[in-house]
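Undergrad: output the structure for:
(one chain, ligands or ions: 1)
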Amino acid sequence: MSQTLKAVRGTRDLLPPETALWNRIEATARDVFARYNFGEIRTPVFEDTGLFARGVGEETDIVSKEMYTWEDRARAQSEKTQSLTLRPENTAGVVRAYIEHGLGESGLLQKLYYIGPQFRRERPQKGRYRQFSQIGAEVIGPPSAGSESPLRDAEVLEMLATLLDELGITGWTLELNSVGSAADRARYNEALRAALVPVVGQMCGDCQRRAETNPLRVLDCKVAADQPIIETLPVIADSLDEESKKHFAAVTAALDAAGVPYTRNHRLVRGLDYYTRTTFEFTHGGLGAQNALLGGGRYDGLSEMLGGPRAPGIGFAMGEDRLVLTLLAALEQGVVAAKADAFIAPLGEGMNAAALVLARELRHQGLWIELGEGSFRLKKSFEAADKTARQIVILGEDELQSGILTVKNFSTGVQTKVPRGELAVFLSN
Ligand code: HAM
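TA: Next comes the predicted model:
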């Protein structure tokens, strides 16, 4: 026998009834985004590798270790080979689309959301997959549209608090920080570089490399032995200029006014290079090691890094897989499959076509119908019906002629004769 094939490591099949929970999360997100006046954007699942190298940053773990990249062969002489990558995140793609379609030319703020798969070659574990789904949003536009305003940051964070509440996720923590302007970051990088000189020799190989190329990334290090050293390094708050401090103070003042709770985390610099000023994560204790439900921040220079016009922005992405894990943990019996309104049981194969007609009639009236099969003995029909539907409708020669059908309700055990014309109303009650 040949070996059976399985889903690739780090990827998963999502099956009913759990997919109903995914759909509910997405419907709630779409509803909240609509109320905050966001529109949906769908960008391609793969992009030119250069987009992520320039946007997310060569030295980040995502770009240096985790991307699925391949050389796309030329199919014609006029075509060149191109390095392509499955998107590890969606912000770079959204900003590319913003530039490509001249969305800034309207002079208005663009408020865009997306729901879709992302790909990172990470070590799989609970809450961490190689294909995972993000629900994210970006607010981006020319400075004249108010895209730099701290109000935009506060509105996005307030929307996230609302969305998590409406999803039924309680017990989250909002961790907030500011990584300052590009100039602040350059100053901080110098301070870090200097502070690292005497200690870096005792740190892991990755940190030794990062200390040279991009010292900020040292703060992402997860190696336990390095943590006491990292604790002694300078914090970015001390390198912020007056403008960045004022911006951050305005964000927190608006959050205080709206009653959104947060804590300041000085080490929250995030693992992507495009961030400026506000950075944040919402964490949840129930998730274990992979405790970030979502992350995001401001990226005032990203459009220019990608060759576009000045277009400050702020956004976030939620890990949908982690939202599902959090909600499943709160449901005592897991997701219970919803049952159809009725199961139609044809008595004998000769009644199959008539049963299909009856099912079509009822489905067109909005009922949720499971269709049985006439070769089933009545006992088998009852067993199947009891598992999948709230009621069973028997359709035999007599019922077809008389137009009076027998309906049995499984929860009450009551059997009722119902005229065909009244069946839809009866079944839906
Ligand atoms: P990120 O922090 O890399 O940010 O990812 C956002 C969220 O995606 C994480 O908090 C986590 O919930 C989820 N996530 C990331 N990797 C995995 C994985 N391997 N398995 C399951 N879930 C995962 C970004 O992607 C930015 N683009 C967010 C953003 C938007 N910043 C500004 N705008």
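
Undergrad: so residue 135 sits against residue 317, correct?
TA: Yes: proximity of residue 135 to residue 317 meets the contact threshold set by C-beta atoms under 8 Å, at 7.1 Å. Heads up, the C-betas are built off the backbone N, CA and C, glycines and all.

Undergrad: quick one: which of the two has more around it?
TA: Set residue 135 next to residue 317 and count neighbours by other C-beta atoms under 10 Å: residue 135 wins out with 23 against 19.

Undergrad: isn't there a strand covering that one?
TA: Yes: counting by DSSP: H, G, I helix; E, B strand; the rest coil, residue 135 is part of a strand.

Undergrad: in terms of pLDDT, where does it sit?
TA: With respect to pLDDT, residue 135 has a value of 98.

Undergrad: again with residue 11
TA: So residue 11 comes in at 98 (pLDDT).

Undergrad: you'd agree it is up against residue 121?
TA: No: using C-beta under 8 Å, residue 11 is not in contact with residue 121; the gap is 11.3 Å.

Undergrad: shared neighbours of these two, anything?
TA: Common neighbours of residue 11 and residue 121, counting by C-beta atoms under 8 Å, 6 or more residues apart in numbering, are residue 130.

Undergrad: residues of the stretch 1-150 of the chain that sit close to the ligand?
TA: Within reach of the ligand by C-beta under 6 Å from any ligand atom, the stretch 1-150 of the chain has these residues: 89-91, 120, 122, 127-129, 132, 134, 136, 138.

Undergrad: could I get these as CSV with secondary structure and neighbour count?
TA: Output for these, formatted as CSV (DSSP: H, G, I helix; E, B strand; the rest coil; neighbours: other C-beta atoms under 10 Å):
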residue, secondary structure, neighbour count
89, coil, 20
90, coil, 27
91, helix, 26
120, coil, 20
122, coil, 17
127, coil, 20
128, strand, 16
129, coil, 22
132, strand, 20
134, strand, 21
136, strand, 25
138, strand, 25
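
Undergrad: low pLDDT regions in the stretch 301-429 of the chain?
TA: Within the stretch 301-429 of the chain, not a single segment meets pLDDT under 70.

Undergrad: what sits closest to whatever residue of the stretch 151-300 of the chain ends up closest to the ligand if chain neighbours are left out?
TA: Closest contact between the stretch 151-300 of the chain and the ligand, by C-beta to the nearest ligand atom, is at residue 295 (3.1 Å). Nearest residue to residue 295, sequence neighbours excluded (C-beta to C-beta, 6 or more residues apart in numbering): residue 281, at 4.5 Å.

Undergrad: residue of this protein with the smallest distance to the ligand?
TA: Taking C-beta to the nearest ligand atom, the ligand has its nearest neighbour within the chain at residue 319, 2.3 Å off.

Undergrad: is that residue bridged to anything, and to what?
TA: Bridge pairing for residue 319 (DSSP bridges) gives the partners residue 134.

Undergrad: and it, how many neighbours?
TA: Residue 319: 24 surrounding residues under other C-beta under 10 Å.

Undergrad: isn't it up against residue 131?
TA: No: if you go by C-beta under 8 Å, residue 319 and residue 131 don't touch, sitting 12.0 Å apart.

Undergrad: quick one: residue 355 and residue 369, what's the gap?
TA: Distance, residue 355 to residue 369, by C-beta to C-beta, to the nearest Å: 10 Å.

Undergrad: common neighbours of the two, please.
TA: Counting by C-beta under 8 Å, 6+ apart, the shared contacts of residue 355 and residue 369 are residue 344.

Undergrad: beyond the helix or strand hosting residue 327, next helix or strand please.
TA: Assigned by DSSP states H and E, residue 327 belongs to helix 320-330. On the C-terminal side of helix 320-330, the closest following helix or strand by DSSP H and E is strand 340-346.

Undergrad: quick one: the helix or strand just after that following strand to strand 340-346, angle?
TA: Later in the chain than strand 340-346, the nearest helix or strand by DSSP H and E is helix 352-364. On the basis of axes from the mean of the first three to the mean of the last three C-alpha atoms, to 10 degrees, helix 352-364 is oriented at 160 degrees to strand 340-346.

Undergrad: CA atoms only for helix 352-364, dumped as CSV, please.
TA: The C-alpha coordinates for helix 352-364 follow below in CSV (Å, rounded to 0.1, in the frame of the first residue of the first chain):
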residue,chain,number,x,y,z
ASN,A,352,-36.2,10.0,-4.1
ALA,A,353,-37.1,12.5,-6.8
ALA,A,354,-40.2,13.6,-5.0
ALA,A,355,-38.1,14.2,-1.8
LEU,A,356,-35.6,16.3,-3.8
VAL,A,357,-38.6,18.4,-5.0
LEU,A,358,-39.9,18.8,-1.4
ALA,A,359,-36.3,19.7,-0.2
ARG,A,360,-36.0,22.3,-3.0
GLU,A,361,-39.4,23.8,-2.0
LEU,A,362,-38.4,24.1,1.6
ARG,A,363,-34.9,25.4,1.0
HIS,A,364,-36.2,28.1,-1.3
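
Undergrad: thinking again about what came up before, among the residues of the stretch 1-150 of the chain next to the ligand, which one sits closest to residue 275?
TA: residue 91 (10.0 Å; C-beta to C-beta).

Undergrad: which residues touch that closest one?
TA: Residue 91 is in contact with 55, 136, 138, 272, 274, 299, 302, 315, 317, counting by C-beta under 8 Å, 6+ apart.

Undergrad: could I get the residues you listed in CSV, plus columns for secondary structure?
TA: Listed next are the contacts of residue 91 as CSV, based on three-state DSSP:
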residue, secondary structure
55, helix
136, strand
138, strand
272, coil
274, coil
299, coil
302, helix
315, strand
317, strand
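
Undergrad: hmm, back to that, so what sits against both of residue 135 and residue 317?
TA: Common contact partners of residue 135 and residue 317 (C-beta under 8 Å, 6+ apart): none.

Undergrad: what's the neighbour count on residue 42?
TA: Residue 42 has 12 nearby residues by other C-beta under 10 Å.

Undergrad: doesn't it belong to a strand?
TA: No: under three-state DSSP, residue 42 falls outside any strand and is assigned coil.

Undergrad: in which helix or strand does the nearest residue to it once chain neighbours are set aside reside?
TA: Leaving aside its sequence neighbours, residue 42 sits nearest to residue 114 (C-beta to C-beta, 6+ apart; 6.7 Å). Using DSSP H and E, residue 114 sits in strand 110-119.
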